[in-house]
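Chemist: Predicted coordinates and the sequence they were generated for:
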Amino acid sequence: MLGTILQPAIAFARKDFFEVLRSPRLITLSIVLGVLLVGSSAALAVVMVNAAKPPNPDAPNPFEVWFQDSNGVLTGIAFGLTPVFLPFLPILAATQVLQKDRERGIFQLFLLKPIPPWGPALGKLAGLYGALVVPTVAISLGVATAIGVVAGSPVDGGLLAAYIAGNIVLVGLYLLVTLLVGSLLQAQNAEPLVVLVWIGFNLLRGTGYFVTARLAALLGADSATTFQVGWTDLATFTGLYQAFLALSVPPSLGFVVSPVPGG
């Protein structure tokens, strides 16, 4: 029984791993996403370096996190742009592989053989995930390197490790949902539905990070609003991603700076 699962799993994992890594579409998409995220990181770092700091660093000021230091720039990129753009990597890669498998009749071939469906499913997940980890890690390191070079100071190692790990998990979650949707529907119909899921997840992102912090600043709050995990973060992939990263964001980063006591 175990052999009937492992054999097709290994075959699918090997096929999909090399097929995705050699895919011109994935290579092009990885380059585009890399240029977008790395370029945005460098641009925000330039803004941070050239930004006019408040005269009194302890005065209340709704300073955005990316105006504070290299960690702030990475935090801004991680919470603002990464969960918006990075999911397209697994969505497009998975739908392309599923469509090719259907065109080749691979699924029909396995249905004619007495093979448990878990074998091909696990192999496809492992192969695609392994292939997508490569550009994910490369893009993540490129973002951190660009920030460090432009800002003149390296990113905190713990925050960087959390950013890379969070990106890998985020890619895996979108890959899993794309494969599930693609298995239930025709391959050509999977991509629009998963994109709708992506839109919903980014619209329903946890409000504790941005909305409430900015609202507090507008209302004249004089205490620091730090990155905390809220229960709403458990409802979406974006929220889970942000909740995971929030644990590694340095305490010094906040949206509202505490004032001087008695000032």
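Modeler: Perfect, thanks for sending it.
Chemist: Count the residues that sit near the nearest residue in space to T145 that is not next to it in sequence.
Modeler: Residue nearest to T145 in three dimensions, not counting chain neighbours: V38, with 8.0 Å by C-beta to C-beta, 6 or more residues apart in numbering. From N, CA and C alone the C-beta is placed, and that goes for glycine too. Using other C-beta atoms under 10 Å, V38 has 21 neighbouring residues.
Chemist: Surely V38 touches L141?
Modeler: No - counting by C-beta atoms under 8 Å, V38 stays clear of L141, with 9.6 Å between them.
Chemist: low-confidence ranges in the stretch 51-200 of the chain?
Modeler: 52-64, 104-119, 186-189 (pLDDT under 70).
Chemist: Helices of that one, start to end?
Modeler: In the stretch 51-200 of the chain, the segments counted as helices under DSSP state H, counting those that start in this stretch are 70-80, 82-85, 88-104, 106-111, 118-151, 157-184, 187-203.
Chemist: So which of those is nearest L44?
Modeler: helix 70-80 (4.9 Å; C-beta to C-beta).
Chemist: quick check: angle from that closest one to helix 157-184?
Modeler: Calculated by axes from the mean of the first three to the mean of the last three C-alpha atoms, to 10 degrees, helix 70-80 forms an angle of 10 degrees with helix 157-184.
Chemist: Residues contacting helix 70-80, please?
Modeler: For helix 70-80, the surrounding residues in contact (C-beta atoms under 8 Å, 6 or more residues apart in numbering) are 37, 40-41, 44-45, 48, 64-66, 143-144, 147-148, 151, 153-156, 159-160, 163, 166, 209-210, 227, 242, 245, 249-250, 252-253.
Chemist: now, which of the residues you listed lie within strands?
Modeler: Counting by DSSP state E, those place none of their members in strands.
Chemist: Make a ChimeraX selection of whichever of the residues you listed turn out to be buried.
Modeler: In ChimeraX, this line selects whichever of those come out buried by 16 or more other C-beta atoms under 10 Å:
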select :37,40,41,44,45,48,64,65,66,143,144,147,148,151,155,156,159,160,163,166,209,210,227,242,245,249,250,253
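Chemist: follow-up on the earlier one: residue contacts, the residue nearest to T145?
Modeler: I139, G142, V143, T145, A146.
Chemist: now the first one, nearest residue through space, not along the chain?
Modeler: Sequence neighbours aside, G34 is the residue nearest to I139 in space, at 4.7 Å (criterion: C-beta to C-beta, 6+ apart).
Chemist: And for the third one?
Modeler: Closest residue to V143 apart from its sequence neighbours, by C-beta to C-beta, 6+ apart: S41 at 4.6 Å.
Chemist: List the contacts of the one you found.
Modeler: Per C-beta under 8 Å, 6+ apart, neighbours of S41: V73, L74, I77, V143, A144, A146, I147, V150.
Chemist: Leaving out sequence neighbours, find the closest residue to S248.
Modeler: A162 (3.6 Å).
Chemist: now what about stretch 176-192, what contacts it?
Modeler: 90-92, 94-95, 98-99, 101-102, 121, 124-125, 128, 193-194, 197, 237.
Chemist: how about 7 Å then?
Modeler: P90, I91, A94, T95, L98, Q99, R102, K124, L125, L193, V194, V197 (C-beta atoms under 7 Å, 6 or more residues apart in numbering).
Chemist: I am finished for the moment; much appreciated.
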